[in-house]
Structure formats: structure tokens, C-alpha cells
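Chemist: Dropping the sequence and predicted coords here.
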Amino acid sequence: MDDDVFLVRFWGVRGSISVSGPEFSRYGGNTICIEMRCGKHTLLFDAGSGLRPAGRALRASGVTDFDLLFTHCHYDHIIGLPSFTPIYDRSVKLTLWSGHLAGRMTTRQMVDEFMRPPWFPVKLEICKASLDCRDFVSGDVLRPRAGVVVRTGSLIHPGGCIGYRVEWGGRVVAVITDTEHEPDKLDQAVLGLIEDADLVIYDCAYTEEEMERRRGNGHSTWQQGVKLCEAAGARGLALFHHDPARTDEELDEIEKLAKDRFAGAFAARDGQTLKFPVSLHKKR
Ligand SMILES: [Zn+2]
Ligand SMILES: [Zn+2]
């Protein structure tokens, strides 16, 4: 394992519902799941269907102590949890975090609610892993592991959603999904989370042309992602939370348009890995 690299791996980049078929084969069809490795520490963000292959990879690499942070609990962000085999493994220690339901429901209650009959054959108690459920409030600064700082903020999404800014080794990666922007306005909370980031993973479910008839769904566009990254001095922009109807060819086209506007933009794909060497010169 690379101790001096901040690694980001996309396990699920599709929003709303998983898809399959030849027209989706290159970008992939799994719903939201991102892995970050900060040296020897492993963090996962969201538990969409991409969590299932992430679990297999973690087991293969012998990782048994890690964190899973939820942005929120819409189906495309939780559906993979019951199929995440590490939770049935006695040797695994997993810390679960959420803050989008602060004051309404704890992380433990949220997971209990959807992992039980009649929605699922068994209850959470069947899990043999040691599960430590933590709650936070938007704006809190989390320190899940030594040297790893995770800043949090609220996104604009029905039912609430948390954006994350992860700082480690002089590097910054932000997860900004799911969120809806207001026309001609840059969200100050998002700007704070992505300032000077090496990579911004941003909700690009729609294009600006589609946005008018999609208002209220709680999603954004690649054009808004570019504006935010430019304003915040961010260097990389991962177009993410692809609409389930978006084919590989359409994503190729969107990626090209985005790259023309912002050189660091790319459309994220299932299985894609990015590595950021530790930056010793920067102190954050
Ligand atoms: Zn979503
Ligand atoms: Zn959502």
C-alpha cells in the first residue's frame, strides 16, 4: 500500500438507479460509491451498488478497519450496504458516519430502518462486523483517522445532503453530490468546501439545457461545476452522478465540452483510480 499517496477510486458513478447494457459499458452502471485511501487509512463515501465490488476489493487487500461516510440516504446512495460482505465478517471494524438527518434520526436508526424485513430478509443484528455508528452536524470537522481532516457542509437537496472536504497529506478532495444550484448563483457553502481542491467530485446529473425542466430534483450540471471550480481555484473536476439515461457516447460528448471549458474536467467511470502524491510543501 502506498503510504505517500492520496488515492481516489470510483466504484459507482451513476445517479438515481443502476443501469446495465452495452451503451453503458465504458462509464459503468453502479450507483454512488467512492473510495479514498489516505496513506494507510481507507474511507468510503456512500453505499450505492458500487459498494459491492468495493467490498470485494477491500477483502482482497486485507483492509479490515475503515470508515463509511454517507452524504444522505436516498436509495442510490445506500442500496449496496446489505450486499457489502465485510459487514458479515467478524474481523472487520467499520465506523459509519452521517449528518444529513441530524436531530431527526441517528446513523444507527437510519441503517436499522432500511436493513430489516420486509425490505431485506434479515436485520442488522446479523452483521458480525463491529459497527460504530457516529452522528455529526453539518459544519462539524471530523477527524476519523490520525492526520485525516474531513470538513462538512450542507448541500441543496430534498431531505438534506452533506458535502465533504477531505484533507490529507497536503491534498484536498471534495465530494459534492447531490446538490441543486440556483440560477446565476455560486453556492457559498460549496465554494468553501472546494477551495483550492486538487479534485472536486461534482453532481453533473444534467446539462444546463436540461436544467429548467428538472428543477426541484436536487441536482446540478457540468457547466455549474466548471464555474464553481474556476471561482474556487480547484484543479480537477470529476463529472459524477451521471443520469441513468446517459449513454457512453453522450458522456464522451459532455466530457469533451467540459474539457474545452476547464482542462481539469473529466467524466468519472466505474473502476477509475486517481493518485495524488503527498504534497510536503503545503500545510493545510
Ligand atoms: Zn443521488
Ligand atoms: Zn439524493
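Modeler: That came through fine. Ligands and ions are numbered 1, 2, ... in the order given.

Chemist: Can you tell me which residues in the stretch 101-250 of the chain are near ligand 2?
Modeler: Residues of the stretch 101-250 of the chain that fall close to ligand 2, judged by CB under 5 Å from the ion: D178. In this view, the C-beta of every residue, glycine as well, is placed from N, C-alpha and C.

Chemist: what ranges do the helices span in the stretch 101-250 of the chain?
Modeler: Here the stretch 101-250 of the chain has its helices, by DSSP state H, counting those that start in this stretch, at 107-114, 188-194, 208-211, 222-232, 248-261.

Chemist: okay if I get those helices as CSV plus mean pLDDT?
Modeler: CSV is the format used below for the helices of the stretch 101-250 of the chain (pLDDT from 0 to 100):
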stretch, mean pLDDT
helix 107-114, 96
helix 188-194, 98
helix 208-211, 96
helix 222-232, 98
helix 248-261, 98
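
Chemist: Make TSV out of the ones you listed and add distance to ligand 1.
Modeler: Shown next, in TSV, are those (distance: least, CB to the ion, whole Å):
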stretch	distance to ligand 1
helix 107-114	15
helix 188-194	16
helix 208-211	16
helix 222-232	15
helix 248-261	17
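
Chemist: Spit out the contact partners of A238.
Modeler: F10, L199, V200, I201, Y202, F266, A267, A268 (CB atoms under 8 Å, 6 or more residues apart in numbering).

Chemist: how about a cut-off of 10 Å?
Modeler: For A238, the contact set (CB atoms under 10 Å, 6 or more residues apart in numbering) comprises 8, 10, 13, 34, 173-177, 199-202, 204, 225, 264-269, 272, 274.

Chemist: Tell me which of these fall in strands.
Modeler: If you go by DSSP state E, the contacts of A238 have 8, 10, 34, 173-176, 199-202, 265-267, 274 in strands.

Chemist: how many other residues sit next to E210?
Modeler: Each residue near E210 was counted by other CB atoms under 10 Å, and the total is 12.

Chemist: Check the one 3 residues further on too.
Modeler: The criterion is other CB under 10 Å. On that basis, R213 has 9 neighbouring residues.

Chemist: which residues does it contact?
Modeler: Y206.

Chemist: Could you tell me how far it is located from Y206?
Modeler: Separation of R213 from Y206 (CB to CB, to the nearest Å) stands at 9 Å.

Chemist: the strands in the chain, which residues?
Modeler: Under the criterion DSSP E, the chain contains strands at 5-12, 33-38, 41-45, 65-69, 93-98, 130-135, 141-145, 148-155, 161-168, 171-176, 199-203, 237-240, 265-267, 273-277.

Chemist: Present these as CSV; the columns should include mean pLDDT.
Modeler: Formatted as CSV, the strands of the chain follow (pLDDT from 0 to 100):
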stretch, mean pLDDT
strand 5-12, 98
strand 33-38, 98
strand 41-45, 98
strand 65-69, 98
strand 93-98, 98
strand 130-135, 98
strand 141-145, 98
strand 148-155, 98
strand 161-168, 98
strand 171-176, 98
strand 199-203, 98
strand 237-240, 98
strand 265-267, 98
strand 273-277, 97
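
Chemist: JSON lines for those, including distance to ligand 1?
Modeler: Shown next, in JSON lines, are those (distance: least, CB to the ion, whole Å):
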{"stretch": "strand 5-12", "distance to ligand 1": "10"}
{"stretch": "strand 33-38", "distance to ligand 1": "11"}
{"stretch": "strand 41-45", "distance to ligand 1": "12"}
{"stretch": "strand 65-69", "distance to ligand 1": "15"}
{"stretch": "strand 93-98", "distance to ligand 1": "15"}
{"stretch": "strand 130-135", "distance to ligand 1": "21"}
{"stretch": "strand 141-145", "distance to ligand 1": "21"}
{"stretch": "strand 148-155", "distance to ligand 1": "11"}
{"stretch": "strand 161-168", "distance to ligand 1": "8"}
{"stretch": "strand 171-176", "distance to ligand 1": "12"}
{"stretch": "strand 199-203", "distance to ligand 1": "8"}
{"stretch": "strand 237-240", "distance to ligand 1": "10"}
{"stretch": "strand 265-267", "distance to ligand 1": "16"}
{"stretch": "strand 273-277", "distance to ligand 1": "21"}
